[in-house]
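S.K.: prediction below, plus the sequence it came from.
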Amino acid sequence: MTLAAACLTSDPSARAFYRAALKGFRLKFYPSAAAFLNAPPVKGLAVIDSALPDMSGRDLAAVLRREKTTAGLLLVLTGGTYSPADAALCLENGADEYFPYPPDPRLFRARLVNLLDRAGVRACPPPAPEAYRFGALVISPEARTAVIGGRRLKLTALEFDILLYFLRNQGRVVSRTVLLEQVWRQGEQAGPRAVDKRIEALRSGLGRAFGSKLRTVFGLGYLFKL
């Protein structure tokens, strides 16, 4: 499931920080409290700059907690230099979490993911299928096997992960950068050329009939469509 967050800030550097720290999240940005309050209601999580141009983050948190449509939002406030008094005021006004700005990116992301987990946003993901079946091709994520016509393919662990990622994103162009970020294993040779070599090995392992379904989209990446 793709995680989502509303980010309230008028600071371009803060927007860049959120994009980098929350890579993979679906982010929606609002430059002011008014822009957020006048937009259609959102669900889930809102990250609020404590120094918005039209209202303090603390005051906005209090408003959101009072409104029926926003009372259930997870609210994360970010501010300047940390002080216990500021943190306490933010939490007393309804914030679920408070960070001085800029927070440590890894800690920031981890705490936001934990907040969403505890709120049940990711508690019940759809069950993964026991096997993907496409004609003679059968892939079992649990057993980590790929079989064509009863013959088990000899794939490395990374090649199997790449195949599984393409199956789960079938019909979508996947860039080399995405593969390196989402699939690549620690210790494996990395870089665009390393991706190309692994794709060629995977095509060879799949054989002509299925390997030809893994196409190069020049300038963009790869597309797997059965």
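M.R.: Arrived safely. It should be emphasised that the depicted structure is a prediction, and the values quoted were computed from it without experimental measurement.
S.K.: in stretch 98-106, what's buried?
M.R.: 98-99, 101, 103 (16 or more other CB atoms under 10 Å). C-beta coordinates here come from the backbone N, C-alpha and C atoms, glycine included.
S.K.: cool, stretch 141-153 as well?
M.R.: Buried, per 16+ other CB under 10 Å, within stretch 141-153: 141, 146-148, 153.
S.K.: specify the local secondary structure of the most centrally placed residue in the chain.
M.R.: With distances taken as CA atoms, centre = their mean, Gly24 lies nearest the centre of the chain, 2.5 Å away. Taking DSSP: H, G, I helix; E, B strand; the rest coil as the rule, one finds Gly24 in the coil state.
S.K.: for it, give its distance to Ile148.
M.R.: 32 Å (CB to CB, to the nearest Å).
S.K.: equivalent analysis for Val42, please.
M.R.: Distance from Val42 to Ile148, by CB to CB: 45 Å.
S.K.: before we move on, back to that, out of the buried residues of stretch 141-153, which are inside strands?
M.R.: Under the assignment DSSP state E, those contribute 146-148 to strands.
S.K.: and of these, the nearest to Met55?
M.R.: The closest of those to Met55 turns out to be Ala146 (CB to CB; 55.0 Å).
S.K.: contacting residues for the closest one?
M.R.: Contact partners of Ala146, counting by CB atoms under 8 Å, 6 or more residues apart in numbering, are 137-140, 152-153, 155, 160, 163.
S.K.: quick check: beta-bridge partners of it?
M.R.: In this structure, Ala146 bridges to Ile139 when assessed by DSSP bridges.
S.K.: got the domain boundaries for this structure?
M.R.: 4-118, 132-224 (automatic domain parsing).
S.K.: a markdown table for the ones you listed, including mean pLDDT?
M.R.: Converted to a markdown table, the domains of the chain look like this (pLDDT from 0 to 100):
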| stretch | mean pLDDT |
| --- | --- |
| domain 4-118 | 87 |
| domain 132-224 | 89 |
